[in-house]
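Visitor: Sequence and predicted structure below; questions after.
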Amino acid sequence: MKTRDEMSLLHKSVKSLCWSMMALLAMASSSVYAATIVGSKHDLSPLTVNTDQVCVFCHTPHGSDNTAPVPLWNKNLPTGTVYTRYSSLNVSTFDGTEAPINGGISIACLSCHDGAQAMDTVLNAPGSGGYNGAGSPIDGAIGSMPGDGIPLSLPIPNLGTDLSDDHPIAVQYAGGGCSDTVTTCTTLGDPDFNTPDYGTASNGTDMWWFDTSADGIRNKDEVQLYTRGDLVAAAEPSVECASCHDVHEGASKPDVQFMRVSTAASLICTTCHVK
C-alpha cells in the first residue's frame, strides 16, 4: 500500500509526464507548419529588416481588401491592367471560354507576380498605425520584379502582363460540360480531358477537384478547379494558378514551385489532360 507522500509524488510525476507529452505534441505540430510556408520561397521575411512576420506579405487580420477572392488579402489587386492571354496565340485546340482574370483567385497571385507592385507593399503593415489604403512598402527592401532591391539570383518569377507563354488561367475547364446542374460532368466539351470529382463545401459552395486520395475530401495535394459564375453556366469549374500551385506549401515538398502534384512522369499534366 503506497503512502500519501508516495501517491503525491506519483501524481506529480504523471502530471509532469502529461505536460512533457503536450509540449512534444506542440513542437511536432509547430514543425509541421514550419515545413510549409516558413522557410519556403514565399517566406519573404528574411529579405526585410523591419519585420520577421511571414504571413503579413499576403494576409492581414484587419483592413484587408474585401473585394479579393482570397481571405483577408493584404495587397491591392491589379486594376485596369490588360493581360495578354494564351488565347491570343489562336491555337486551334484551345476551346475553353475565358473569364476575366480579375474575377478569380489568379488575380491575387498576379498582385505579386505581374511585376507591377513591390512584394513588400501591403495595406496594413505590422504594428500599430501601419494601415495605408493605397498600399505602402514595409521597408522597401523588396522591390518590384525584376531588380529594385531583389537580387537577380532569387528565383522569384516575374510573369509580367504577357501571359501568352504561360498555362491558361481563368479558363473554363475542358471546354465546358460541368456546372452546378450537371455535377457529374459526364459529357465534357473536350474529350481530351479527365473528368473531375464534384462535391460541396460546408457552406454549400460547389467544388470540383481530382480526388486522387479517393477520400471524398478536397486535399491540398490534389489538383483543384475553382468555381466561377462568369463563364457560361451559373457555376462551373475553371483553371486558375492555384489549380496546380499551393502557395502555402514549399519547404515541405521535394518537388518544384509549390506544385500540388508531383511533376514526375508529367503527373501534374496527366491529372487533367488525357495524353
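Guide: Yes, it's here.

Visitor: May I have the distance across stretch 77-96, first residue to last?
Guide: 25 Å (CA to CA, to the nearest Å).

Visitor: Revised request: answer the last question for stretch 246-259.
Guide: Using CA to CA, first and last residues of stretch 246-259 are 6 Å apart.

Visitor: for stretch 165-177, same thing?
Guide: Stretch 165-177 has an end-to-end distance of 26 Å (CA to CA).

Visitor: Could you give the separation of that stretch from the chain centroid?
Guide: Offset of stretch 165-177 from its chain centre (CA atoms, centre = their mean, to the nearest Å): 18 Å.

Visitor: quick one: the strands in the stretch 1-150 of the chain?
Guide: With DSSP state E, counting those that start in this stretch as the criterion, the stretch 1-150 of the chain has strands at 121-124, 131-137.

Visitor: Any chance of TSV for these, columns mean pLDDT?
Guide: As requested, those are exported to TSV (pLDDT from 0 to 100):
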stretch	mean pLDDT
strand 121-124	94
strand 131-137	93
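
Visitor: deepest of those strands, which one?
Guide: Comparing these by mean neighbour count (mean count of other CB atoms under 10 Å), strand 121-124 comes out on top with a mean of 24. In this view, the C-beta of every residue, glycine as well, is placed from N, C-alpha and C.

Visitor: In three-state terms, label the closest residue to G216 other than its chain neighbours for me.
Guide: Closest residue to G216 apart from its sequence neighbours, by CB to CB, 6 or more residues apart in numbering: G199 at 6.7 Å. Following DSSP: H, G, I helix; E, B strand; the rest coil, we place G199 in the strand state.

Visitor: And for A235, nearest residue in space, chain neighbours not counted?
Guide: In space, A235 is closest to D180, 4.0 Å off (CB to CB, 6+ apart).

Visitor: Pretty sure the residue nearest to G216 sits against T205.
Guide: No: using CB atoms under 8 Å, G199 is not in contact with T205, being 9.7 Å away.

Visitor: neighbour-wise, which of those two wins?
Guide: G199 (14 against 11; other CB atoms under 10 Å).
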